[in-house]
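> need a 3D model of the sequence below.
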Amino acid sequence: MGFGILLIGYFFLINITYFTLTDILSATLMLLALSSLSRFNKPLKLAFITNGVFTIVALFEFVLEVLSMFSLKNTATMLSICMPVRYITLTVFNVFLLLGIRSLALEVGLEKLANKCTLSLSLPALTYLLSALLEVKPLFSAMPPALTQYVALLVLILTVVSVIVVLLRIHGAYMRICMPEDVDMELKPSRFAFINRFREKQAQRDAETQEEIARMRAERQRRRAEKQKRKKK
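Numbers count the residues shown, from 1 in each chain. Below you'll find the model as predicted:
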């Protein structure tokens, strides 16, 4: 269930217009998911801690946005300070998250997923760092407004692409990595025969995948043992 909830929570980051209203939902769901996933390796634990910081930032954003919506307070200055913190936090979070999925994928023998996570690392890091820089207005005061707008448009496109790429990595983990608590989970039979047949075929494919993962993991352990024996000689 961990990666499933993480997938839903991360999906809300695709909101690039009114993210001050949805960040709190995204952060809370991801915090719930990572509270379970963080026990598997250090990068996921650090992603959980970083997401905790993001949750605080998201709550602050939400409060400021609500105050602004009802004209209770002029929050423009505080939001301008909050935005760079948001983007820097997301930069660190995405790096730890992808490293955590990579480490877990390697542990269960999913080298292809691990390599995809490695290749994806730079995209969210670059995107959110550029977003943070755009929020520092004095840096762009000497630039022509048109050029600044083009840069902002590029960053928006990169943000959407980045979110989609990381969602694909999370989805890959959700489909291929079976959590210990999900192994013995039983599904209630459906009233519809075709759904039961689909579930049976899916269960068979999952079992074959887990057998392949176990075989690859055993092979990796055997190679490590042989390498250690050669070193001792």
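> quick check: residue 97 touching residue 166?
Yes - shown here, residue 97 and residue 166 form a contact pair, counting by CB atoms under 8 Å, at 7.2 Å. Heads up, the C-betas are built off the backbone N, CA and C, glycines and all.
> of these two, give the one with the bigger neighbour count.
The neighbour count for residue 97 versus residue 166, taken as other CB atoms under 10 Å, is higher for residue 97 (29 against 22).
> what score does that one have for pLDDT?
Residue 97 carries a pLDDT value of 96.
> so who does it touch?
Taking CB atoms under 8 Å, 6 or more residues apart in numbering as the criterion, residue 97 is in contact with 43, 44, 47, 166, 170.
> now the helix or strand where it lies: buried residues?
In this structure, residue 97 is located in helix 76-107 according to DSSP states H and E. Burial within helix 76-107, assessed by neighbour count using 16 or more other CB atoms under 10 Å, is assigned to 78-79, 82-106.
> from residue 143, how far out is residue 155?
Per CB to CB, to the nearest Å, residue 155 is found 14 Å from residue 143.
> my bad, residue 29
37 Å.
> between these two, who's got more neighbours?
residue 29 (19 against 12).
> the more buried one: helix or strand, and which one exactly?
Element membership of residue 29, judged by DSSP H and E, is helix 19-37.
> now that helix against helix 76-107, angle please.
Inter-element angle recorded for helix 19-37 and helix 76-107: 30 degrees (by axes from the mean of the first three to the mean of the last three CA atoms, to 10 degrees).
> in helix 19-37, which residues are buried?
The neighbour-count criterion (16+ other CB under 10 Å) identifies 19-24, 26-34, 36-37 as the buried residues of helix 19-37.
> just the helices in this protein please.
Assigned helices in the chain, in chain order: 2-11, 19-37, 42-69, 76-107, 111-120, 122-134, 145-176, 193-232 (criterion: DSSP state H).
> could you tell me the least trusted of these?
Among the helices of the chain, helix 193-232 scores lowest, at a mean of 68.
> so which elements touch the helix holding residue 29?
With contacts taken as 3 or more CB pairs under 8 Å, 6 or more residues apart in numbering; DSSP states H and E, helix 19-37 sits against helix 2-11, helix 42-69, helix 76-107.
> run the chain-centre distance for the last one.
Translated: helix 76-107. Here helix 76-107 is found 9 Å from its chain centre; the criterion is CA atoms, centre = their mean, to the nearest Å.
> tilt between that helix and helix 122-134?
Using the same axes, to 10 degrees, the direction of helix 76-107 lies 170 degrees away from that of helix 122-134.
> next: the first one.
Between the direction of helix 2-11 and that of helix 122-134, the angle (the same axes, to 10 degrees) works out to 30 degrees.
> and the second one, by the same measure?
Here the directions of helix 42-69 and helix 122-134 differ by 40 degrees (the same axes, to 10 degrees).
> if I look at the nearest residue to residue 156 once chain neighbours are set aside, how far off is residue 129?
Leaving aside its chain neighbours, residue 156 sits nearest to residue 16 (5.8 Å; criterion: CB to CB, 6 or more residues apart in numbering). With the distance defined as CB to CB, residue 16 ends up 16 Å from residue 129.
> next: residue 156.
For residue 156, the distance to residue 129 equals 15 Å [CB to CB].
> kindly format the C-alpha coordinates of stretch 158-176 as CSV.
Included here for stretch 158-176 are C-alpha records, laid out as CSV according to Å, rounded to 0.1, in the frame of the first residue of the first chain:
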residue,chain,number,x,y,z
LEU,A,158,9.9,21.1,-17.1
THR,A,159,7.9,20.9,-13.9
VAL,A,160,5.1,18.9,-15.6
VAL,A,161,7.5,16.6,-17.3
SER,A,162,9.5,16.1,-14.1
VAL,A,163,6.3,15.2,-12.1
ILE,A,164,5.3,12.7,-14.8
VAL,A,165,8.7,11.1,-14.9
VAL,A,166,8.9,10.6,-11.1
LEU,A,167,5.3,9.3,-11.2
LEU,A,168,6.4,6.7,-13.7
ARG,A,169,9.3,5.7,-11.4
ILE,A,170,6.9,5.4,-8.4
HIS,A,171,4.4,3.5,-10.6
GLY,A,172,7.2,1.1,-11.6
ALA,A,173,7.9,0.4,-7.9
TYR,A,174,4.2,0.0,-7.2
MET,A,175,3.8,-2.6,-9.9
ARG,A,176,7.1,-4.5,-9.4
